[in-house]
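K.L.:
just to be clear, the model below is a prediction. Sequence and coordinates:
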Amino acid sequence: MKSMLVSRSDLDFLLYDWLRIDELTKRDRFAEHSRETFDAVLELCEQLATRYFANHNKKSDANEPTFDGHRVTVIPEVKEALDAVAQADIIAMTMDQRLGGAQLPATVAQAAFAWFAAANVSTAGYLMLTMANANLLATFGTDEQIETFVQPMLAGRFSGTMALSETQAGSSLADITTRAEPQSDGSYRLFGSKMWISGAEHEMTDNIVNLVLAKIPGGPPGTKGISLFIVPKYLLDADGSIGERNDVALAGLNHKMGQRGITNTVLNVGDGTFTPGGTPGAVGYLVGEQHRGIAYMFTMMNEARLGVGMGAVALGYTGYLKSVEYARQRPQGRPVTSKDPAAPQIPIIEHADVKRMLLAQKAYVEGGMALLLYCAKLVDLQHSAESDQEREQATMLLDILTPVAKSWPSQWCLEANDLAIQVHGGYGYSREYDVEQHYRDNRLNPIHEGTHGIQSLDLLGRKVIHRKGANLIALGHAVSTTVATAQRLGGEPAQMAAQLESAWSRLAGVTAGMFSAGDVDAALANSVVYLEAFGHIVLAWIWLEQMVAVDGRDGDFFDGKRQAARYFFRYELPRTTPQLDLLESLDRTALEMRDSWF
Ligand SMILES: Cc1cc2nc3c(=O)[nH]c(=O)nc-3n(C[C@H](O)[C@H](O)[C@H](O)COP(=O)(O)OP(=O)(O)OC[C@H]3O[C@@H](n4cnc5c(N)ncnc54)[C@H](O)[C@@H]3O)c2cc1C
């Protein structure tokens, strides 16, 4: 039966026909793999997602975790799913073999993750956080920390969280106030509170490994004074067995619009609820060096940002597949030119406007999927580069594409979910159908892991201007290469190439112009407009890449790809013209608006 989660044919096309990831197996890091092992992992993840994750998606939405003052209760299916994934060795799939991992490419892992996120993004959230936490500690932790905390996470006995945000400090992490007091034994005691921390309290694993940002007194101000600590829920005895309860306590659960299956917590850190070793204060172990916490955390955040982008794509994707299926089965109305009221009704998929809504979803979700897999391949190229130049190239592209890979799907695959509701009509607005939940679940994505606005400042204020625009130039080269290939094909790809070339050169010109006046406030005032125009132009490039990859091939799948590419170039790319006009004029409407005028 065809899956309603993600299209395996699309994944196969993107992974093998377009990105040619089987060629990664020629590199040392991936030499033990083959297309067969990649396919087996994708197959396994589809099966696990369908059987253990999709089965309780609605149930965990309707029965969110509860806290009775002592214990948090989560429906049992969540633990069953996490155990099933752990037993299948999925958590360690990309990790080094020396740590017991399978050393699979990130590209395969991202595609595999799409199944879990499409099936149940909340339960997949526990998995994503644990994997990202383990990756960070495997990179920056000591051998002992890896042995003590990473290995049990890879085995599924412990789970992981990332605890950055505080009530008064979300976007602005420089303002966190949780403090870490050094102790004579080399450990620290942490005091403060954390807000919005996902997965930080439950009974599903033996322990929870919280990665907590805090400031050591006397350190530099701002982000330069932030350090990173392992603050486990339970301390461990010398033999690694579960010991005393650490002083990190649940103050309460947040009640969310969507993604209700994963606990979201307010944590009291070191308030004396528990007294490890007889004294209050949460015991923490420094990761790496003092004051370098933000740099370490960014490793996890960048990975998490790609994970958020893929989560948004996956939710958009499943909503798209479900709305196509619904539109094929829902009879309503007659062709606009039909004059006979006694003629049978037609399925709504035959109405042009419904086709438009489905085509838009297809363009958003397949485009988003392609972008995320492209970025994952850049991660693989970084990890397996055969020269410094190749690594440098992959790093520059990944740097500039990460804010887009996080934000574009969070905006447009959410829009896809909105359209999926619209295709379902009144039924889409009811909880009997899945699509309203997909929308609510997806609505988080423009907020966490750096809001839409913060991503736009990262793109325009940092990534684009970094090293005299080197990242932008690297992306420009990649776009030009695609344009040249499409031009050689002639016909429709060449026409699209001309359109993309002109959009890119306008974007590059507008970018340079925005900073030439030296008015940084004005240049950054419309950074979100920039992010959105930039994102659409990047996606036009990704669609042209797909157009090139399907060239000369026949069949419904390839015709569908061509039609979605056409849709993108005709309906979507032109949206960037007025956006670039506004940016070029350094418009100050928003900047000059005053508080008292609202
Ligand atoms: C369900 C959920 C799960 C989460 N999980 C975690 C987690 O596991 N770990 C964790 O550490 N955090 C987590 N968070 C926190 C999340 O990362 C923050 O909510 C997010 O970073 C925004 O911070 P804030 O809520 O304080 O909003 P604010 O930072 O107050 O932002 C409010 C608005 O102001 C804008 N804004 C703020 N500063 C600027 C600026 N300088 N320039 C322009 N605009 C600005 C923002 O874009 C936004 O629109 C989670 C949040 C939610 C809702």
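P.N.:
Looks like it came in fine. Residues are numbered from 1 along each chain as shown.
K.L.:
interface residues of the stretch 51-200 of the chain facing the ligand?
P.N.:
By Cβ under 6 Å from any ligand atom, the residues of the stretch 51-200 of the chain that approach the ligand are 161-165, 170-171, 196-198. The way it works is simple: take the backbone N, C-alpha and C, and place the C-beta from them, glycine included.
K.L.:
how about those in JSON lines, adding secondary structure, pLDDT and distance to residue 495?
P.N.:
What follows is those, written out as JSON lines (DSSP: H, G, I helix; E, B strand; the rest coil; pLDDT from 0 to 100; distance: Cβ to Cβ, whole Å):
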{"residue": "161", "secondary structure": "strand", "pLDDT": "96", "distance to residue 495": "49"}
{"residue": "162", "secondary structure": "strand", "pLDDT": "95", "distance to residue 495": "45"}
{"residue": "163", "secondary structure": "strand", "pLDDT": "97", "distance to residue 495": "51"}
{"residue": "164", "secondary structure": "coil", "pLDDT": "96", "distance to residue 495": "46"}
{"residue": "165", "secondary structure": "coil", "pLDDT": "97", "distance to residue 495": "47"}
{"residue": "170", "secondary structure": "coil", "pLDDT": "95", "distance to residue 495": "45"}
{"residue": "171", "secondary structure": "coil", "pLDDT": "96", "distance to residue 495": "42"}
{"residue": "196", "secondary structure": "strand", "pLDDT": "98", "distance to residue 495": "47"}
{"residue": "197", "secondary structure": "strand", "pLDDT": "98", "distance to residue 495": "50"}
{"residue": "198", "secondary structure": "strand", "pLDDT": "98", "distance to residue 495": "46"}
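K.L.:
may I have the helix or strand containing residue 127 as PDB, with CA atoms only?
P.N.:
For residue 127, the host element (DSSP states H and E) is helix 121-140. Taking C-alpha atoms only, helix 121-140 is exported to PDB below (Å, rounded to 0.1, in the frame of the first residue of the first chain):
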ATOM      1  CA  VAL A 121       6.600  14.600  15.100                       C
ATOM      2  CA  SER A 122       6.300  14.700  18.900                       C
ATOM      3  CA  THR A 123       7.600  11.200  19.500                       C
ATOM      4  CA  ALA A 124      10.300  11.800  16.900                       C
ATOM      5  CA  GLY A 125      11.300  14.900  18.900                       C
ATOM      6  CA  TYR A 126      12.600  12.700  21.800                       C
ATOM      7  CA  LEU A 127      14.600  10.900  19.200                       C
ATOM      8  CA  MET A 128      16.000  14.000  17.500                       C
ATOM      9  CA  LEU A 129      17.100  15.600  20.800                       C
ATOM     10  CA  THR A 130      18.800  12.500  22.000                       C
ATOM     11  CA  MET A 131      20.700  12.100  18.700                       C
ATOM     12  CA  ALA A 132      21.800  15.700  18.600                       C
ATOM     13  CA  ASN A 133      22.800  15.600  22.200                       C
ATOM     14  CA  ALA A 134      24.800  12.500  21.700                       C
ATOM     15  CA  ASN A 135      26.500  13.900  18.600                       C
ATOM     16  CA  LEU A 136      27.500  17.100  20.500                       C
ATOM     17  CA  LEU A 137      29.000  15.100  23.400                       C
ATOM     18  CA  ALA A 138      30.700  12.700  21.100                       C
ATOM     19  CA  THR A 139      32.400  15.700  19.400                       C
ATOM     20  CA  PHE A 140      33.300  17.800  22.500                       C
END
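K.L.:
so what does that helix touch, helix or strand wise?
P.N.:
helix 57-62, helix 76-87, helix 106-119, helix 151-154, strand 158-163, strand 207-215, helix 293-329, helix 435-442 (3 or more Cβ pairs under 8 Å, 6 or more residues apart in numbering; DSSP states H and E).
K.L.:
so the third one versus helix 76-87, what angle?
P.N.:
Angle between the axes of helix 106-119 and helix 76-87 is 160 degrees (criterion: axes from the mean of the first three to the mean of the last three Cα atoms, to 10 degrees).
K.L.:
what of the last one?
P.N.:
Note on geometry: by the same axes, to 10 degrees, helix 435-442 and helix 76-87 are set 60 degrees apart in direction.
K.L.:
check the gap between residue 10 and the ligand for me.
P.N.:
With distances taken as Cβ to the nearest ligand atom, to the nearest Å, residue 10 is found 29 Å from the ligand.
K.L.:
so who does the residue lying closest to that residue once chain neighbours are set aside touch?
P.N.:
In this structure, residue 10 finds its nearest non-sequential neighbour in residue 366, 6.0 Å apart by Cβ to Cβ, 6 or more residues apart in numbering. By Cβ atoms under 8 Å, 6 or more residues apart in numbering, the contact set of residue 366 is 10, 546, 561, 564.
K.L.:
fine, thanks again, bye for now.
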